[in-house]
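S.K.: A predicted structure for the sequence below; I have some questions about it.
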Amino acid sequence: MNADRVYPNSKPTTMNPTVNGNATTTTTPLFPAPKSQQYGASRPAYRPQPKRRSRSRCCCCFLWSTMIIIALILLAAMAGGVMYVLYRPHRPTFTLTTLRISQFNVTTNSKDSTNHLASKLDLAISSRNPNKRITFTYDPISVTVKSNDVNVGVGSFPSYVHGTKNTTVLKATLANNGDSIEESSVTKLKSDTKKKTGLPLEIEMETKVKVKIGGMKTSRIGIRVSCIGIHAVITTTTTKENIW
């Protein structure tokens, strides 16, 4: 005995809700609507923006600049090392050989009670160039002798060329022709001249120099030379009114 098979209906089941007594038919979709239909089909599609390369280019330029600077520094250091090995440069030296105070008078003006210094000094400086392959060319050298910030004498040495392995003696007469000084400076000078150690002095020299190393010449370079810790005894005095 064969039984009839019952197959399920493949069509979706429809619901017939009744609204106000009238029958209406609605269909429930099997799958949800795509997002373009939910939010509106007019929205433009997303397009990825191209990557920016400006930052990477800046980093690359900075890296190359740093490498070039380091290379230049290394080349300069190597050139300096070669120059030092070949020429063995040394600074020239200046040594005081003679200092004699031939005049040192302080006067007081009776009209305005100002103090004035009149002095004269004979000075000799020994300049030595210890280098074998380096020559120095000096402009005129200005010289100032001070005692506790008071100008005792002013003068200059002439220009000269300082050859290799050479010692040159520079001589000059320095003077102060009546510059006014303060009362406190007069008291200090008077006290120092009575000491056994003598008058404390400082010598300052300023000039410009050219350096010749082999076949290479540099431009003028300003230099200053100071000699400190010097004492000089005044051996000659003048006896006049308001002079000590």
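M.R.: Received, thanks.

S.K.: Every contact and neighbour count from this point should use C-alpha atoms.
M.R.: Will do.

S.K.: which residues in the chain form strands?
M.R.: 18-19, 22-23, 93-108, 115-129, 134-138, 141-147, 150-157, 160-162, 166-181, 199-213, 216-217, 221-232 (DSSP state E).

S.K.: could you dump these to CSV with mean pLDDT, mean neighbour count and distance to W64?
M.R.: Shown next, in CSV, are the strands of the chain (pLDDT from 0 to 100; neighbours: other C-alpha atoms under 10 Å; distance: least, C-alpha to C-alpha, whole Å):
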stretch, mean pLDDT, mean neighbour count, distance to W64
strand 18-19, 47, 9, 81
strand 22-23, 48, 8, 82
strand 93-108, 91, 16, 45
strand 115-129, 94, 19, 44
strand 134-138, 95, 20, 38
strand 141-147, 95, 19, 47
strand 150-157, 95, 20, 52
strand 160-162, 96, 16, 45
strand 166-181, 93, 17, 48
strand 199-213, 94, 18, 34
strand 216-217, 88, 10, 32
strand 221-232, 92, 12, 34
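
S.K.: need the ones you listed in JSON lines with distance to T66, can you?
M.R.: Putting the strands of the chain into JSON lines (distance: least, C-alpha to C-alpha, whole Å) gives the following:
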{"stretch": "strand 18-19", "distance to T66": "83"}
{"stretch": "strand 22-23", "distance to T66": "85"}
{"stretch": "strand 93-108", "distance to T66": "40"}
{"stretch": "strand 115-129", "distance to T66": "40"}
{"stretch": "strand 134-138", "distance to T66": "35"}
{"stretch": "strand 141-147", "distance to T66": "43"}
{"stretch": "strand 150-157", "distance to T66": "48"}
{"stretch": "strand 160-162", "distance to T66": "42"}
{"stretch": "strand 166-181", "distance to T66": "45"}
{"stretch": "strand 199-213", "distance to T66": "32"}
{"stretch": "strand 216-217", "distance to T66": "30"}
{"stretch": "strand 221-232", "distance to T66": "31"}
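
S.K.: thinking I134 is in contact with M216, fair?
M.R.: No - using C-alpha atoms under 8 Å as the test, I134 is too far from M216 to be in contact (9.9 Å).
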